[in-house]
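Chemist: What follows is a predicted structure for the sequence shown.
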Amino acid sequence: MAESPELRAWLERIEAGHPADIALGLDRVGAVAERLGLLPAPVPVVLVGGTNGKGSVVAFLEAALREAGHRVGAYTSPHFFRFNERIRIGGRPAADATLLSAFEAVEAARGNTPLTYFEFTTLVAMSAFREVVDIAVLEVGLGGRLDAVNLWDPLLSVVTSIDLDHQAFLGGDRETIGAEKAGIFRPGVPAVCGDPRPPRSLLEAAGEDLWVQGRDFTATPGEAGEWQWVGSGRTLGPLPGPRLAGAYQLRNAATAVAAGLRLPEPFGLDEVHWRAALPRVALPGRGQQVPGPIPVWLDVAHNPAAARGLADLLQGNPASGRTLAVFGAMQDKDARGVADSMAAVIDRWYPCNMPAERGMAGEELARTPPISTMECRGPFPDPAAALEAARGDARPGRDRIVVFGSFLMVAAALEALEEAFAREGREPPPEEGLLQ
């Protein structure tokens with residue numbers, strides 16, 4: 001479902017409002033936030049940054065805080081189908097009326113100050129949360145130190161993982177990137193890191209207020225999919241395994257549980273909240289499987305680290321036949337690194353154009369090693385065409401398809417599957433989202 005015409009008009013307006021998609025820095029957005037009365041934060045804030053796993057940790061925290069009886073605002077990006085998905089209030093996408101009012105307020109306060117799309121929508125989110133939520137969980141858009149959500153001093157900061165992505169903005173190595181992500185830490189404010197091998201730069205920035213996975217807490221798998229959280233002299237569990245698939249989601253869940261234990265009252269979370277929350281959280285494009293005679297796996301993995309996690313998930317759930325890969329990438333991503341990470345689990349590639357202005361051409365992907373040295377069909381003009389070809393080649397009951405490379409790839413594939421299932425008289429793909 002697309003946005004309403006009124007909301008679409010606002011989005012088109014702000015897309016053209018700044019000459020750059022990304023312009024890191026807090027001066028401009030901070031000045032507008034001051035005029036809006038959004039500084040200091042109008043509601044308590046949790047900041048969640050990291051290379052991969054941010055959206056999952058936000059969703060876990062959001063669900064557990066709601067189980068504890070709080071009205072929660074959550075801000076994530078990007079979205080799949082509707083802008084409203086980015087801004088959730090009480091577990092549901094914000095209503096058009098709420099967003100339109102916030103857009104008008106930000107525009108009135110902006111004056112002649114140029115704002116990027118992300119800066120503008122970050123202020124929209126906090127304007128929408130003001131006076132209607134008890135606590136807001138905000139996902140960092142890019143990096144941390146100079147990201148718009150870092151305007152607000154948090155109750156707690158979380159960094160999920162540190163790996164190579166957005167190097168043109170954040171630096172070319174984990175130490176430099178770690179320093180940027182550590183920018184969301186504050187002296188004397190508790191912090192959690194879900195990466196078991198954090199760079200020294202992050203450790204030094206955090207000081208003694210940091211809990212690190214593997215050092216200060218661990219997730220210990222048990223029987224029947226259950227697990228225990230162990231750390232800081234406490235053991236929680238057995239807890240139900242997260243509904244989200246993959247070993248990395250257990251690490252994300254453990255990070256979220258650690259964060260919940262570090263939240264000050266009245267927001268602290270305990271075992272009872274996690275028992276109810278973990279099985280309820282489902283997100284599209286995170287190890288998502290659409291079942292059927294030809295199963296289709298969908299994942300937003302768009303950097304080598306995320307692709308390694310997806311490859312591990314597929315290896316742990318082998319197909320009796322072939323795995324066919326529908327893959328598209330943005331021009332600024334490490335397409336070769338992603339393909340290298342996936343090559344061991346792929347039997348045939350279906351590269352396609354990415355449906356975006358910054359999308360990489362399918363022809364370029366097809367020439368990229370290791371795709372160029374493996375069995376490959378295409379390139380295809382769009383994800384729908386690549387998926388249709390893969391479904392035509394797949395042997396029912398034996399082969400499977402995996403679609404990955406970005407949020408745009410997953411969204412396009414879900415839309416294509418819905419149309420294909422309608423033609424075939426089948427039920428549409430199950431809709432994944434934060435469960436109510």
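Modeler: Arrived safely.
Chemist: who touches residue 261 in this structure?
Modeler: 232, 234, 268, 269, 270 (C-beta atoms under 8 Å, 6 or more residues apart in numbering). Where C-beta positions appear, they are placed from N, C-alpha and C, glycine not excepted.
Chemist: now the second one: how far from residue 277?
Modeler: Taking C-beta to C-beta, to the nearest Å as the criterion, residue 234 is separated from residue 277 by 18 Å.
Chemist: Who has more neighbours out of the two?
Modeler: residue 277 (28 against 11; other C-beta atoms under 10 Å).
Chemist: hang on, that one packs against residue 70?
Modeler: No. If you go by C-beta atoms under 8 Å, residue 277 and residue 70 don't touch, sitting 12.0 Å apart.
Chemist: Strands along the stretch 1-150 of the chain, start to end?
Modeler: 45-49, 72-75, 87-89, 92-93, 135-139 (DSSP state E, counting those that start in this stretch).
Chemist: Ramachandran coordinates for the nearest residue to residue 134 once chain neighbours are set aside?
Modeler: Of all residues not flanking residue 134 in the chain, residue 70 sits nearest, at 4.4 Å (C-beta to C-beta, 6 or more residues apart in numbering). Main-chain torsions, residue 70, degrees, to the nearest 10: phi -90, psi 150.
Chemist: which residues sit in contact with residue 70?
Modeler: Applying C-beta under 8 Å, 6+ apart, the residues contacting residue 70 are 134, 135, 267.
Chemist: Distance check, it against residue 92.
Modeler: Distance of residue 70 to residue 92, computed by C-beta to C-beta: 15 Å.
Chemist: Spell out for me which residue occupies the centre of the protein.
Modeler: residue 55 (3.4 Å; C-alpha atoms, centre = their mean).
Chemist: which residue packs closest to it, ignoring adjacent ones?
Modeler: With C-beta to C-beta, 6+ apart, the residue lying closest to residue 55 is residue 76, at 5.2 Å.
Chemist: pLDDT at the one you found, what is it?
Modeler: Among the per-residue scores, residue 76 holds a pLDDT of 98.
Chemist: my guess is it meets residue 58, correct?
Modeler: Yes. Assessed by C-beta under 8 Å, residue 76 is found in contact with residue 58 at 5.6 Å.
Chemist: who's more crowded, those two?
Modeler: It is residue 58, of residue 76 and residue 58, that has more neighbours when counted by other C-beta under 10 Å, with 28 against 24.
Chemist: domains for the protein, by residue range?
Modeler: Listed by automatic domain parsing, the domain ranges of the chain are 5-280, 288-423.
Chemist: Any chance of CSV for those domains, columns distance to residue 430?
Modeler: Formatted as CSV, the domains of the chain follow (distance: least, C-beta to C-beta, whole Å):
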stretch, distance to residue 430
domain 5-280, 12
domain 288-423, 7
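Chemist: Go through the ones you listed and name the closest to residue 429.
Modeler: Residue 429 sits nearest to domain 288-423 of all those, at 4.6 Å, using C-beta to C-beta.
Chemist: now the end-to-end length of that closest one.
Modeler: The first residue of domain 288-423 is 22 Å away from its last residue (C-alpha to C-alpha, to the nearest Å).
Chemist: Residue 253 falls within a strand, correct?
Modeler: No. Looking at residue 253 with DSSP: H, G, I helix; E, B strand; the rest coil, it is helix, so not inside a strand.
Chemist: can you give me phi and psi for the nearest residue to it once chain neighbours are set aside?
Modeler: The shortest distance from residue 253 to any non-neighbouring residue, by C-beta to C-beta, 6+ apart, is to residue 242 (4.6 Å). Dihedral angles of residue 242 (phi, psi; degrees, to the nearest 10) stand at phi -60, psi 150.
Chemist: now swap in residue 319 and tell me
Modeler: Torsion angles, degrees, to the nearest 10, at residue 319: phi -90, psi 150.
Chemist: I appreciate the help and will end here.
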